[in-house]
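**Student:** Turn this into a model:
(one chain, ligands or ions: 2)
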Amino acid sequence: FAATQAPMANGHLPNGTHGRRIDSSTERIQIVNDEKQFTPDLGAQIGRWGLRDAGFGYNIVAVFGSQSTGKSTLLNRLFGTTFDVMDETRRQQTTKGIWMCRGKEMNVMVMDVEGTDGRERGEDQDFERKSALFSLASSEILIVNLWEHQVGLYQGANMGLLKTVFEVNLGLFGRQAQNGISTISTHSRTLLLFVIRDHIGQTPLANLQATLTADLNRIWESLSKPTELRDRQLSDYFDLAFTALPHKILSADKFESEVLNLRTRFVDKTSEGYLFKPAYHKRIPADGVAFYMEGIWEQVQTNKDLDLPTQQELLAQFRCDEISAVALSEFHEQAKSQKRPVESGRVVEGLGALMRNWRTDALTRYDRDASRYHQGVYGRKRTDLITALDATLSPLFLGQLKNLHKSCLVTFKKTMLDGLRGETYSFADVVSKARDECEQTFSEGAKEALVDDTEWSWEDELESLKEEVQAVADQCRKDETKKMINLIERNFKKHISEPVELHLNKATVEMWDGVLRTFKVTLDKAESTYSIKAKSFNCTDEENTSSLAALRKRAWLALRAKIDEQTADPVILGKLRGHFEERFRYDEQGVPRVWKPTDDIDGAFKKAKDETLELVPLYSKISPVDSALEYSLPSEATDSINTEDFDFPSTLVVFSETKTMELTNKFRRDADAYYVEAKRSTVSSVAQ
Ligand code: GDP
Ligand code: MG
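**Tutor:** Ligands and ions are numbered 1, 2, ... in the order given. The predicted structure follows:
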């Protein structure tokens, strides 16, 4: 049947050759073809069988024996597999190689090793050896199939086959057991199940069993073992089991029922004589079986020493890398979703929870599949995975911190501005409330973003935030202080305006005393206003000193501005004119004079003019009569305000000498005009 199938390009026969099947669980695959090539499709096939995720929850069994001893027939009946059976009518030989099927409704991979018995056909013992190695390295149970009449033929083909199996086994598991890497009682133990076919029943099974056991031990003894393994017994490596099946054709019914009995021992875990004992399992996770088998076959094929620990480590490296890569790529997919938001400066709500979930998911996924492999490799690759995970998460964490920092600072500024609105706030309270809020928001956000088992920290970022908050608070305080001083200055100006005007309009000797007294009283008030308000600003003494100095200087300049305004040319000339007119054009009773020719116009004119001219020097310098007022500016203030562009003594001068001359002349001209007018009025009154 199989021979009629056209081999595929790679020499492997196609799957599902019994026509198209929807149910891929019955598909079979030739894992090693007759050119001794290993199939590249086993991994995919195990997937299609649905065994990939079985972990250790599967079994492998292989059959050995001479050609045409009913091996395939037996397997199909025991496991519901679909191996080719020799066509009775044509007696065609089936294809050589190793075939594999999944047991029907059971997690069992069944290997039908075809043409193992090269001896019988006088050919290829090489394949026999290789397939024995291969089967032992992976199978839990080796079914050795033989006719009843082959039992006791010590020199027969089967015995040669078994000798090969034993030798190969020593090479595989002998050293391993000794090195303690794996103990005999666990990983390297294999069950040899002898199935004696066409058992007629004349010789009881017990006798056949005894004969076979004796033969096996003799073979074992005859093996040339390395000295360190000299004392090893056959039973150190193998369990032996024996069963016999009636003649398939002569006692067809009994054959079928015995096969069913045997089947139970493979299927029913609770049955007496259950065959798949955990000790036989080779502990290759199902998802690694394909890679492992291929590696084994490659080693076997190149006649290299088959070093199972190395194979298992290679397998572990390969699979752990694969598993890690899958976990990592799913993880990256998840992490990508938040990369842009974080990079764009957003504070991602619950980022820490997300990151912790992704990380845990990835590790759980990795652990689920990879923890079944070589522990050292599994552990190393896990560390690598964690490093890779954290390398992706760390920039997100740092980005989140940075964004949090920024947003907290923005909120801080806003809270400050809001708090400083209105009249009745305490600056210190506004700052400390905003600062507490800011630090708390940051700390909470930063803690949320932390991922366990990392060395990440956010304290440095908090420190730098604190510094910036302090800088903002300082700036705010400076601005507020400035605003406050501006306000005080405005009020000051308002308060001195009228009194100063009044004093300067009353040109008396004590005029400046009045001005300076007003200045002093108003400045004192301003200073105490400052001191009261400044308390909540937590200003330093230095800041207070310089603020007060600035306040004094600006107050003084405000006064000077007021004085300048009141002594500007038109204003001062108006004042002089007024003064003059009062004396020249009005009499002592304030009645306007009507000049008569007899009046001493010249004398009155001269008197009024001289008296008025005396005012010019009075206005030209701020000089109080009361010398106590001369120093109305505290010395430390005058010190600090005597800067390059501000020389206090010179600000006392209102009119320079030239200015005084100029004003005097201007006034003289005005006065002369009055004089002429007065003279004219007498002439006209005479003329009338
Ligand atoms: P394999 O080459 O060992 O796989 O043998 P097959 O399963 O292909 O069987 C070879 C031939 O032996 C077929 O014609 C089967 O019908 C026949 N056969 C299978 N089982 C038995 C058995 O238990 N007794 C006898 N006498 N013939 C069998
Ligand atoms: Mg067969």
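
**Student:** going forward, measure contacts and count neighbours with C-alpha atoms only.
**Tutor:** Noted.

**Student:** Need the residue closest to the centroid of the chain.
**Tutor:** Nearest to the mean C-alpha position of the chain, by CA atoms, centre = their mean, lies residue 393 at 2.4 Å.

**Student:** Now the nearest residue to that residue once chain neighbours are set aside: which helix or strand?
**Tutor:** If the residues on either side of it in the chain are set aside, residue 393 comes closest to residue 355, at 6.9 Å by CA to CA, 6 or more residues apart in numbering. For residue 355, the element it lies in under DSSP states H and E is helix 351-370.

**Student:** Check which residues of that helix are buried.
**Tutor:** Under the neighbour-count criterion of 16 or more other CA atoms under 10 Å, helix 351-370 has 351-352, 354-356, 358-359, 361-363, 365-367, 369-370 buried.

**Student:** Identify, from those, the entry nearest to residue 80.
**Tutor:** Nearest to residue 80 among these is residue 369, at 29.0 Å by CA to CA.

**Student:** got the contact list for that closest one?
**Tutor:** Residue 369 sits next to 55, 323 when contact means CA atoms under 8 Å, 6 or more residues apart in numbering.

**Student:** Try it again at 10 Å.
**Tutor:** 53, 54, 55, 285, 286, 287, 288, 319, 320, 323, 324, 378 (CA atoms under 10 Å, 6 or more residues apart in numbering).

**Student:** And residue 53, by the same measure?
**Tutor:** Here residue 53 is in contact with 46, 47, 285, 286, 287, 288, 368, 369 (criterion: CA under 10 Å, 6+ apart).

**Student:** could those be laid out in TSV, adding pLDDT, secondary structure and distance to ligand 1?
**Tutor:** Putting the contacts of residue 53 into TSV (pLDDT from 0 to 100; DSSP: H, G, I helix; E, B strand; the rest coil; distance: CA to the nearest ligand atom, whole Å) gives the following:
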residue	pLDDT	secondary structure	distance to ligand 1
46	96	helix	23
47	95	helix	26
285	93	coil	29
286	94	helix	26
287	93	helix	28
288	93	helix	28
368	92	helix	39
369	90	helix	36
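
**Student:** Which two among the residues you listed are spaced furthest apart?
**Tutor:** When these are compared pair by pair using CA to CA, the two farthest from each other are 46 and 368, 18.5 Å apart.

**Student:** And the strands in the stretch 151-300 of the chain?
**Tutor:** For the stretch 151-300 of the chain, the strands identified by DSSP state E, counting those that start in this stretch occupy 190-197, 238-244, in order along the chain.

**Student:** related to what we said a few turns ago, pretty sure the residue nearest to the centre of the chain sits against residue 328.
**Tutor:** No - between residue 393 and residue 328 there is no contact under CA atoms under 10 Å: 11.9 Å.

**Student:** Ligand 1 contacts on the stretch 301-450 of the chain?
**Tutor:** Residues of the stretch 301-450 of the chain that fall close to ligand 1, judged by CA under 6 Å from any ligand atom: none.

**Student:** need the strands for the stretch 301-450 of the chain, in chain order.
**Tutor:** Going by DSSP E, counting those that start in this stretch, the stretch 301-450 of the chain shows no strands.

**Student:** which regions of it sit below the pLDDT cut-off?
**Tutor:** Residues of the stretch 301-450 of the chain that meet the criterion pLDDT under 70 are absent altogether.

**Student:** By proximity to ligand 1, which residue of it wins?
**Tutor:** Of the residues in the stretch 301-450 of the chain, the one nearest ligand 1 is residue 301, at a distance of 23.7 Å by CA to the nearest ligand atom.

**Student:** you'd agree residue 481 is up against residue 537?
**Tutor:** Yes - here residue 481 reaches residue 537: they are 8.0 Å apart, a contact under CA under 10 Å.

**Student:** Of the contacts of residue 53, keep whichever come out buried.
**Tutor:** Among the contacts of residue 53, those buried by neighbour count (16+ other CA under 10 Å) are 46, 47, 285, 286, 287, 288, 369.

**Student:** Hmm, the fourth one is touching residue 59, no?
**Tutor:** Yes - because the distance of 9.2 Å satisfies CA under 10 Å, residue 286 is recorded as touching residue 59.

**Student:** Could you check how many residues crowd around the residue of the stretch 251-400 of the chain at minimum distance from ligand 1?
**Tutor:** Scanning the stretch 251-400 of the chain for the residue nearest ligand 1 gives residue 255, at 7.5 Å (criterion: CA to the nearest ligand atom). The criterion is other CA atoms under 10 Å. On that basis, residue 255 has 20 neighbouring residues.

**Student:** Report the spatially nearest residue to it, omitting neighbours in sequence.
**Tutor:** The shortest distance from residue 255 to any residue that is not its chain neighbour, by CA to CA, 6+ apart, is 4.9 Å, and that residue is residue 246.

**Student:** Next one, pLDDT for residue 175 please.
**Tutor:** With respect to pLDDT, residue 175 scores 60.

**Student:** where does the stretch 101-250 of the chain come near ligand 1, residue by residue?
**Tutor:** Within the stretch 101-250 of the chain, the positions lying close to ligand 1 (CA under 6 Å from any ligand atom) are 197, 198, 247, 248.

**Student:** Out of those, grab the one that's most surrounded.
**Tutor:** Per-residue neighbour counts (other CA under 10 Å) across these peak at residue 197, which has 23 neighbours.

**Student:** Might one say that that one is in contact with residue 248?
**Tutor:** Yes - counting by CA under 10 Å, residue 197 sits close enough to residue 248 to count as a contact (8.4 Å).

**Student:** Below-threshold pLDDT in the stretch 551-688 of the chain: ranges please.
**Tutor:** Short version for the stretch 551-688 of the chain, where the test is pLDDT under 70: 631-645, 684-688.

**Student:** ok so residue 113 is a helix residue?
**Tutor:** No - according to DSSP: H, G, I helix; E, B strand; the rest coil, the state of residue 113 is strand, so it is not within a helix.

**Student:** was I right about it contacting residue 135?
**Tutor:** Yes - the pair residue 113 and residue 135 passes the contact test of CA under 10 Å, sitting 8.6 Å apart.

**Student:** Can you check which residues contact both of the two?
**Tutor:** 62, 63, 64, 98.

**Student:** Now residue 596: which helix or strand?
**Tutor:** Going by DSSP H and E, residue 596 is not part of any helix or strand.

**Student:** can you tell me the residue of the stretch 201-350 of the chain closest to ligand 1?
**Tutor:** Taking CA to the nearest ligand atom as the measure, the point where the stretch 201-350 of the chain comes nearest ligand 1 is residue 248, at 4.3 Å.

**Student:** and the residue of the stretch 451-600 of the chain found nearest ligand 1, what does it touch?
**Tutor:** Among the residues of the stretch 451-600 of the chain, residue 453 lies nearest to ligand 1; the distance is 57.3 Å by CA to the nearest ligand atom. Residue 453 makes contact with 386, 390, according to CA under 10 Å, 6+ apart.

**Student:** for it, helix, strand, or coil?
**Tutor:** Counting by three-state DSSP, the backbone at residue 453 sits in coil.

**Student:** Would you mind giving both backbone torsions of it?
**Tutor:** For residue 453, the backbone dihedrals (degrees, to the nearest 10) come out as phi 60, psi 20.

**Student:** Also the one 4 residues further on?
**Tutor:** Note on residue 457: its backbone torsions stand at phi -140, psi 160 [degrees, to the nearest 10].

**Student:** can you check residue 102 too?
**Tutor:** Phi and psi for residue 102, reported as degrees, to the nearest 10, are phi -90, psi 140.
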